[in-house]
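J.: here is a sequence together with a model predicted from it:
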Amino acid sequence: MAVGINNKIAVFLGPSCTIEEARSILPEADYLPPAARGSIYGIINDGYRMIVLLDGLFYGRYSVWHKELLFALDCGIDVIGATSMGALRAAELDREGLTGVGQIYRWYRDGEIDGDDEVALLHQSSEGAYAALSIPLANLRWNLGLARKEGMIGEQQEARILRHAKAMCFQDRMMDVILSPLAEELDVSALQKWLETHGEDLKKRDCFEALRFAAIRIATLGSAQPSRLRAYETVHTLIGIEYFTHERLNAICAKSEGQAIPLSHYTKQVAVGDSRYRSYLRARACQRLINGWARELHLEITPEPIPAQWLPDRFDLAHRRATGLTLIDIAREGREAAFTAGVIGSLSTPASRGLVSDIDRQLAEAGFWARGAGAEIASLDGRLVYTLWHLGHEKGILPDDHEDADTAEAELHYLEWVYRAGLKHFGYNFDAAIEILLAHQSANRLEDIIGSRAAS
C-alpha cells in the first residue's frame, strides 16, 4: 500500500499474521513489508505519529538498525515493537522509549531468550505472501511448555527437544526433524498431531496484542514532543564518523511529484567546485571548527537564541517530505548555529571591531560576500574569521609559515590554510557535497543541484 502523508500509523508486517487479519484490528494503518536496514529512515518524513514494528528481515539483507529507531523516537514518533524483530528491538531499546508488547518481548526483556533465531523463520516472499515454511523457536518453546503441562512430555524431554532445535539452522526447523530425538521413547506422530491441534501461534498472538494496543494508544497520544538530540548527533556531525550520515543519505528520500529519490543521488550530482558555493563552504567550515574547538577548550558558552532560519515552523511536513530534511536535522542545525553565535559573542571585544571590519572589507573586495546557495545558513564574515583564528591560536593549531601578526591579512591567510588543509586534517568531518545538499534542502531547491551539474 502506498504511504500517505495523512496516515497516522505505519505497521511493518510479514509472516506474523495476514494483512487481512491485521486490518480487522487496526484498519486505518498503512501496512508495509518486513523492515530492513533503512526502512524507518525511509518513512521518517511521511507524517506518521506511530510506527508498529512487528516483522523484519534477518537473512539476506541487513536488519533494521537501532539508530534509526532511536531517530524515529527522537523525531516524536511513538514506536511499538512486538512478536519478531519488533520484540527483539524493543527489549534492546525499551529504556530509550521504545514500547514492547507481548510474551516474546517479555522473554527477551527478562533474559529468558536472547538469540534472534528465536523468532527467525523461513517464509514465502512473493506478492506480499509470507506463509511460514519453518517453525519459529519461540513458538516451539511456548507449545512444548503447553505439552509438558498437559503431560505429553516431561521436563527433560522438553529441554532435549529445545537443545536439538536450537542447534539447527532456523531454515531447517521442521516439526518432524525437531522431534526426532524422542523417536525411540514416545509416539512422535501423536505428539506432533497434538501440537498441531492444541498448539498456539505465539507470534500471531503477540501480533494481535500489539495491534490492539496500538489501536488504543493512538487515540490517547497527544501532540509529538519536540525533537530530542542525543550525544551522537553531535559526534557524527563534528567528529569524523561518517557512517551515520551516509546511512541516512541512502535511506532518506526527497519525495515530490510521486517520486522518492534517495538523498545520496543528489550528493553525487553536486558540483562542489562551483564558485557559487565558495563563500558558503568556508563559512560552514568555520562554524564546524569554531564549535568543535570551543567544546574541546571547554569554554563556558551561553548559546544565543536559535536563528530564525532554523525555527521548526519554517519547515512544514510538505517541505520536509519534498526535501528529505528531517526534524533532527533542523533541531541540530538550529542548536549548532545558536552555539556558534554564543562563541562569537563571548570572544567579541571592542578592540576587535576594527579588525573585524577590515576582514569584512577584504572579503567583499575578494567577492566572498556575493550571496548564493547557503547564504541564509552561513555567511562568511569578519566575525567568523576572527573567531576561528582566535580559537586556533588557543589550541596551538598554526601553519608552518605562521606569522603572529594580528591583522586581517594574517587571519584571512589562516582561514585559507585551514580550509585547504581540510577539516579531516584536524579530526573533523566535512563533506562539501552534503553541506551543499543541506543548503538546497533548506531552500527547497533540490532541482538546482541537478541543473547546476547539467550546466557545468
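T.: Thanks, I have the structure now. Numbers count the residues shown, from 1 in each chain.
J.: list the residues that contact the spatially most central residue of the chain.
T.: Geometric centre of the chain, nearest residue: Glu68, 3.0 Å, by CA atoms, centre = their mean. Applying CB atoms under 8 Å, 6 or more residues apart in numbering, we find Glu68 in contact with Arg37, Gly38, Ser39, Ile40, Tyr41, Ile44, Glu247, Ala251. From N, CA and C alone the C-beta is placed, and that goes for glycine too.
J.: any idea how far the helix or strand containing it is from the chain center?
T.: Using DSSP states H and E, Glu68 sits in helix 66-74. How far helix 66-74 lies from its chain's middle: 5 Å, per CA atoms, centre = their mean, to the nearest Å.
J.: in it, what's buried?
T.: By 16 or more other CB atoms under 10 Å, the buried positions in helix 66-74 come out as Lys67, Glu68, Leu69, Leu70, Phe71, Ala72, Leu73, Asp74.
J.: so which of those residues would you say is closest to Leu140?
T.: Lowest distance from Leu140 to the buried residues of helix 66-74 (CB to CB) belongs to Leu69, with 27.5 Å.
J.: and Gly81, that one's in a strand?
T.: Yes: residue state for Gly81 (DSSP: H, G, I helix; E, B strand; the rest coil) corresponds to a strand.
J.: all strands of this structure, in order?
T.: 9-12, 30-32, 50-53, 78-82, 99-101, 253-256, 259-262 (DSSP state E).
J.: output those strands in JSON lines; the columns should cover mean neighbour count, distance to Ala322 and mean pLDDT.
T.: What follows is the strands of the chain, written out as JSON lines (neighbours: other CB atoms under 10 Å; distance: least, CB to CB, whole Å; pLDDT from 0 to 100):
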{"stretch": "strand 9-12", "mean neighbour count": "25", "distance to Ala322": "19", "mean pLDDT": "97"}
{"stretch": "strand 30-32", "mean neighbour count": "19", "distance to Ala322": "19", "mean pLDDT": "95"}
{"stretch": "strand 50-53", "mean neighbour count": "28", "distance to Ala322": "21", "mean pLDDT": "98"}
{"stretch": "strand 78-82", "mean neighbour count": "27", "distance to Ala322": "24", "mean pLDDT": "98"}
{"stretch": "strand 99-101", "mean neighbour count": "23", "distance to Ala322": "31", "mean pLDDT": "98"}
{"stretch": "strand 253-256", "mean neighbour count": "21", "distance to Ala322": "4", "mean pLDDT": "93"}
{"stretch": "strand 259-262", "mean neighbour count": "14", "distance to Ala322": "10", "mean pLDDT": "94"}
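J.: so which of these is nearest Cys286?
T.: The closest of the strands of the chain to Cys286 is strand 253-256. By CB to CB, the value is 27.8 Å.
J.: where does the protein have low pLDDT?
T.: By pLDDT under 70, the low-scoring segments of the chain are 1-7, 123-129, 131-132, 236-244, 370, 372, 451-456.
J.: domains in it, by residue range?
T.: 1-225, 231-455 (automatic domain parsing).
J.: give me the angle between the helix holding Glu68 and strand 78-82.
T.: 130 degrees (axes from the mean of the first three to the mean of the last three CA atoms, to 10 degrees).
J.: CA atoms of helix 66-74 as CSV?
T.: Taking Å, rounded to 0.1, in the frame of the first residue of the first chain, the C-alpha atoms of helix 66-74 are listed here in CSV:
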residue,chain,number,x,y,z
HIS,A,66,18.8,0.5,16.3
LYS,A,67,19.9,4.1,15.4
GLU,A,68,17.0,4.6,13.0
LEU,A,69,14.5,3.5,15.6
LEU,A,70,16.0,6.0,18.1
PHE,A,71,15.9,8.6,15.3
ALA,A,72,12.2,8.0,14.9
LEU,A,73,11.6,8.3,18.7
ASP,A,74,13.7,11.5,18.8
